[in-house]
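1. Show me the folded form of this:
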Amino acid sequence: MLYDGSAATAPDGAVRIPAGTGVKSRATFAGGPNVTYTLTADMRCDAMATIEVRSAELDAQGQWLSSYAGIPGNSVSWPDWVTVTFALSFGAETKASQGDVEFIALGGEGAVRNVRVVRGGHLERR
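-> Alright, predicted model coming up:
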């Protein structure tokens with residue numbers, strides 16, 4: 001869903017992210033101290049655009065705790081479809097009991113598809 005609450009469009013299986021906006025997952029995943037995930041997605045951007053990847057830290061009721069889980073190297077600027085893998089980690093001192101996935105398009109339109117979040121550091125390709 002787009003940040004404004006409207007449905008994101010996905011006519012070709014990809015979620016389109018208009019410039020200057022973001023999308024976030026409706027589904028959440030368990031958080032907690034030192035919990036790690038592997039996040040993978042196919043992404044592409046307009047020329048000179050970037051997609052930033054975030055994971056909001058949420059309490060048990062789904063309220064944002066004004067912090068994000070760590071995702072090193074969390075931006076992509078690539079005009080063709082590329083599969084990108086990120087490590088997502090909740091810190092040792094986190095109060096988050098869950099997290100989400102967010103994609104923000106900066107400087108132009110972006111698109112994402114085939115998003116997967118897997119607990120731990122291993123992602124199996126089939």
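2. Give the burial count for residue 63, as a bare number.
-> 9 (other CB atoms under 10 Å). C-beta: built from backbone N, CA, C; applies to glycine.
3. measure it to residue 102 for me?
-> Distance of residue 63 to residue 102, computed by CB to CB, to the nearest Å: 15 Å.
4. Tally up the residues packed near residue 83, please.
-> Using other CB under 10 Å, residue 83 has 11 other residues around it.
5. any idea which element it lies in?
-> Assessed by DSSP states H and E, residue 83 sits inside strand 82-89.
6. Show residues contacting that strand.
-> By CB atoms under 8 Å, 6 or more residues apart in numbering, the list of residues contacting strand 82-89 from outside reads 34-44, 53, 55, 69-74, 76, 99, 114, 117, 121, 123.
7. Recalculate using a threshold of 6 Å.
-> By CB atoms under 6 Å, 6 or more residues apart in numbering, the residues outside strand 82-89 that reach it are 36-37, 39-40, 42-43, 55, 69-71, 76.
8. now stretch 68-81
-> Residues contacting stretch 68-81 (CB under 6 Å, 6+ apart): 42-45, 47, 50-57, 84, 86, 88-90, 99.
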